[in-house]
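# structure for this input, please:
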Amino acid sequence: LALVLLIEDIHYAQAFTPLSFLTPDRYQQRQYHHNHLPNPLFYQNDNATDSTTTSPFSLSEANTNGIITITDEESLYNFQRSHPDKLLVLKFHAPYCRACKRVAPLYKKLSKQDVFQSLPIVFGEINARENMKLVKQMGIGALPTVSIYAGSDGEIMSMLCGPSKIPLLKTQLEDIVKDRFDGDGNLILFEDR
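Numbers count the residues shown, from 1 in each chain. Purely as a prediction, here's the structure:
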């Protein structure tokens, strides 16, 4: 009889939810964390190294890999506006992403190839963890992703680029170079065609 009385005092929904034992304060904390779940792209890795640049506008300020680090949405757009005649190869990565870590040295090696050194091609990277709004805005759903921008023409290609896809990226980039650069090594934009 005592058990029946105890059950009658508890609302039916409360009796079968894991939150029934929580005080109102704990319930609010739990709801806050539930409503503010981290994005799937959001994890932690203490071994990540951050390369710093003071400004994304100067090519001489690339990180030690020779790759420009874009720090936020504004710096990306300012970089594109200040270099309308350059091809920007932009890798979206995150410090927690294992595939991103395996792509990093391959991407660096790709950026150092002689074929691309003599052309106005800039290799850059954006940390998706620090720029979630920008990543969502650009429609990036998985990491690592590489997008290629042709100066003022904007994005011309985007692809999911795991370690096994670096040769495909190289082939695609070589095709873009053949299609988008003239004999003097200048980027051909749609307005020039």
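
# Ile148: neighbour count?
Neighbours of Ile148 under the rule other Cβ atoms under 10 Å: 19. The way it works is simple: take the backbone N, C-alpha and C, and place the C-beta from them, glycine included.

# quick one, phi/psi of the residue nearest to it when sequence neighbours are not counted?
With Cβ to Cβ, 6 or more residues apart in numbering as the criterion, Ile148 has its nearest non-adjacent residue at 4.5 Å, and that residue is Met157. For Met157, the backbone dihedrals are phi -160, psi 150 (criterion: degrees, to the nearest 10).

# wait, doesn't Met157 sit right on Gln172?
Yes: with contact taken as Cβ atoms under 8 Å, Met157 and Gln172 are classed as touching, separated by 6.4 Å.

# related to what we said a few turns ago, state the distance from the residue nearest to Ile148 to Gly183.
When Cβ to Cβ, to the nearest Å is the yardstick, Met157 and Gly183 sit 23 Å from each other.

# neighbour-wise, which of those two wins?
The residue with more neighbours, out of Met157 and Gly183 and counting by other Cβ under 10 Å, is Met157; that gives 15 against 5.

# list the contacts for the more buried one?
With contacts defined as Cβ atoms under 8 Å, 6 or more residues apart in numbering, Met157 is in contact with 147-148, 172, 176.

# for Pro167, same thing?
Contact analysis of Pro167 by Cβ under 8 Å, 6+ apart lists nothing.

# and it, what element?
Using DSSP states H and E, Pro167 maps to helix 166-180.

# what residues sit buried inside that helix?
When burial is assessed from 16 or more other Cβ atoms under 10 Å, helix 166-180 yields the following buried residues: 166, 169-170, 172-173, 176-177, 180.

# was I right about Gln172 contacting Cys161?
No: using Cβ under 8 Å, Gln172 makes no contact with Cys161, being 9.7 Å away.

# now do the same for Phe92: helix, strand or coil?
For Phe92, the secondary structure call by DSSP: H, G, I helix; E, B strand; the rest coil comes out as strand.

# show the contacting residues for the residue nearest to it when sequence neighbours are not counted.
The shortest distance from Phe92 to any residue other than its chain neighbours is 4.6 Å, reached at Thr145 (Cβ to Cβ, 6+ apart). Contact analysis of Thr145 by Cβ under 8 Å, 6+ apart lists 91-92, 158-161.

# can you map out the strands along the chain?
According to DSSP state E, the chain carries its strands in the segments 68-70, 87-93, 121-127, 145-150, 155-160.
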